[in-house]
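Chemist: no sequence for this one, just the structure:
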Ligand SMILES: CCCCCCCCCCC/C=C/C(=O)SCCNC(=O)CCNC(=O)[C@H](O)C(C)(C)COP(=O)(O)OP(=O)(O)OC[C@H]1O[C@@H](n2cnc3c(N)ncnc32)[C@H](O)[C@@H]1OP(=O)(O)O
């Protein structure tokens, strides 16, 4: 694989890294080693670590693959990485069956349905049997969908849920998938993932609207403080049971919620886990408007279609003027929340709460 015609940007490189995590088919060890080597070369330069012993087969294979790249420049390695990922994703696309309407519906996501129509990109969480709980794969899919939507030709972007729930928060089975490096490694990687995930909401450049079709829990609620507009069905509820789960707030809610509803109301939600009805959430400023469930979809989409026809540049610029004064602060809050959570996830309080749910001893 070579790529000298164009130079891949850091953003292209990061997108390619996300795409690798979403590959449906295992590309095989040879390709994985090549990806590993190009990644190391692109990020660290030529291999300078000691050669592993002959019996350390895996690390020796990785070392060989990296070392063989010699003095290949970092930029070239980055471009080759992007080219290689692109060849993997295009071959997997052409081998999967095209669905009718695929021009408007972006396929390739396992737990999202992403459509673009009437100037609106709709990202729908699509795991209704698990109440749209967000698995690790889904965090990556949502990040990719948001990054793609930020660059497409739609004027506004909507996040919503399929089924009776908007989102039941973090998938608690994420606590069971512990890698060889143990719970510390999992907590470290999860904190990085969460920071990137919330960062995508902070940096989203166009109007971002939540269409909250049903109950929202945990991170499905906290991230609402980073949307521009939140419409809710009167069947929706808003629950952040961090205390019950031995957790602490995320999604910048430790900053946005006190700002939106005042510190006392925010504390009741974020420390004591008080569940709000849609009307209460609206009265406290977290929700823009509540609609009876029977007319929710019709009313909201009629309104959004009208908004999507407004001049796109004016909408973008207005959003940025509103957001830019806060951006640095929001990123700092996000980093601090993730730092605290990394500790929480390793606490007995948190691990016991997750295990109680998973062993069906507790539910919210
Ligand atoms: C070591 C470190 C690892 C850390 C990894 C962290 C990664 C980033 C974390 C970001 C921080 C986010 C925090 C949060 O979001 S906190 C909130 C977490 N959510 C919950 O606690 C909700 C748990 N669910 C429930 O209490 C109930 O399911 C609910 C009230 C939502 C619905 O109840 P109902 O009776 O109507 O329906 P069921 O319980 O029968 O649900 C149907 C099936 O869906 C499964 N389900 C629902 N929610 C979740 C969930 N959050 N995680 C996993 N699975 C969920 C439920 O088990 C049912 O499945 P089965 O049919 O197979 O039994």
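Modeler: Good, I have the coordinates. Fair warning: this is a prediction, and the values are worked out from it, not measured in the lab.
Chemist: CA atoms for contacts and neighbours, from now on please.
Modeler: Fine.
Chemist: can you verify residue 334 is assigned to a strand?
Modeler: No: per DSSP: H, G, I helix; E, B strand; the rest coil, residue 334 lies outside any strand segment and is helix.
Chemist: right, and residue 39 touches residue 79 too?
Modeler: No: if you go by Cα atoms under 8 Å, residue 39 and residue 79 don't touch, sitting 10.2 Å apart.
Chemist: which of the two has more neighbours?
Modeler: Legend: neighbour count by other Cα atoms under 10 Å for residue 39 and residue 79, higher for residue 79 (25 against 21).
Chemist: so that one makes contact with residue 7?
Modeler: Yes: with contact defined as Cα under 8 Å, residue 79 and residue 7 form a contacting pair (6.1 Å).
Chemist: which residue ranges of the stretch 101-250 of the chain form strands?
Modeler: Per DSSP state E, counting those that start in this stretch, the stretch 101-250 of the chain carries strands over the ranges 105-106, 112-117, 120-125, 156-161, 208-212, 216-217, 229-233, 237-239.
Chemist: any chance of these in TSV, plus mean neighbour count?
Modeler: Compiled in TSV, the strands of the stretch 101-250 of the chain are given as follows (neighbours: other Cα atoms under 10 Å):
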stretch	mean neighbour count
strand 105-106	16
strand 112-117	19
strand 120-125	24
strand 156-161	24
strand 208-212	24
strand 216-217	25
strand 229-233	23
strand 237-239	24
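Chemist: would you list the ones you listed in JSON lines and tack on distance to residue 178 and mean pLDDT?
Modeler: As requested, the strands of the stretch 101-250 of the chain are exported to JSON lines (distance: least, Cα to Cα, whole Å; pLDDT from 0 to 100):
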{"stretch": "strand 105-106", "distance to residue 178": "32", "mean pLDDT": "52"}
{"stretch": "strand 112-117", "distance to residue 178": "25", "mean pLDDT": "96"}
{"stretch": "strand 120-125", "distance to residue 178": "25", "mean pLDDT": "98"}
{"stretch": "strand 156-161", "distance to residue 178": "28", "mean pLDDT": "98"}
{"stretch": "strand 208-212", "distance to residue 178": "32", "mean pLDDT": "98"}
{"stretch": "strand 216-217", "distance to residue 178": "24", "mean pLDDT": "98"}
{"stretch": "strand 229-233", "distance to residue 178": "35", "mean pLDDT": "98"}
{"stretch": "strand 237-239", "distance to residue 178": "27", "mean pLDDT": "98"}
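Chemist: out of these, flag the one nearest the ligand.
Modeler: strand 216-217 (5.5 Å; Cα to the nearest ligand atom).
Chemist: which strands and helices sit next to the closest one?
Modeler: Here strand 216-217 touches strand 237-239, going by 3 or more Cα pairs under 8 Å, 6 or more residues apart in numbering; DSSP states H and E.
Chemist: for the strand it packs on, which strands pair with it and how are they oriented?
Modeler: The strands beside strand 237-239 in its sheet (DSSP bridges) come out as strand 216-217 (parallel), strand 276-277 (antiparallel).
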